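**Q** Dropping the sequence and predicted coords here.
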Amino acid sequence: MKLIRWILGRLILIVDALASPKAIARDSAAQMEIDQMTASMSMYQFSTCPFCVKVRRELKRHSLNIELRDAKNDAEVKAELVREGGRHMVPCLRTDKPDGTVHWLYESSDIIAHLKKELSL
């Protein structure tokens, strides 16, 4: 089973690399504004998870600079996701709010819809 997952994971990464979306080009002021809005966000993910690939493709398509955290190979990141987010499930978008609270959002489609709404994409 591990071998099958490894092979499928590599296929996902190859297809993603070959069919990578083109990033949107913004003027520097607009990109800086988007970067400021995403500075408080991070996405917990696995490199070969198809749902994570879906979100990463949207991040690239919209030129969103959101920190990616490897919740599979980094024990500290995994522990933080479980401890603070409540479960070991990816993709997960963490947003640190100005009032000090933290918002955790799971599910690839929900993350993409949230980003489009919050960032007016």
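**A** Received, thanks.
**Q** and the longest helix seen in the chain, which residues are buried?
**A** For the chain, the helix that runs over the most residues, judged by DSSP state H, is helix 2-18. For helix 2-18, the neighbour count (16 or more other C-beta atoms under 10 Å) marks 9, 12, 16 as buried. Quick note: C-beta positions are derived from backbone N, CA and C, even for glycine.
**Q** residues contacting the closest residue to residue 61 other than its chain neighbours?
**A** Nearest non-adjacent residue to residue 61, counting by C-beta to C-beta, 6 or more residues apart in numbering: residue 21, 4.3 Å away. Going by C-beta atoms under 8 Å, 6 or more residues apart in numbering, residue 21 touches 57, 60, 61.
**Q** quick one: what helix or strand has residue 21 in it?
**A** Using DSSP states H and E, residue 21 sits within no helix or strand.
**Q** for the one 10 residues further on, same thing?
**A** When secondary structure is defined using DSSP H and E, the element that contains residue 31 is helix 28-38.
**Q** same check, this time on residue 69
**A** Judged by DSSP H and E, residue 69 forms part of strand 67-70.
**Q** That strand: which residues count as buried?
**A** 68, 69.
**Q** circling back: so what does the residue nearest to residue 61 have for phi and psi?
**A** phi -70, psi 160 (degrees, to the nearest 10).
**Q** For the longest helix of the chain, name the packing helices and strands.
**A** Secondary-structure packing of helix 2-18 (3 or more C-beta pairs under 8 Å, 6 or more residues apart in numbering; DSSP states H and E): helix 50-61.
**Q** name the helices or strands packed onto the helix it packs on?
**A** Using 3+ C-beta pairs under 8 Å, 6+ apart, helix 50-61 sits against helix 2-18, strand 41-45, helix 108-118.
**Q** at 10 Å what do you get?
**A** helix 2-18, strand 41-45, strand 67-70, strand 92-96, helix 108-118 (3 or more C-beta pairs under 10 Å, 6 or more residues apart in numbering; DSSP states H and E).
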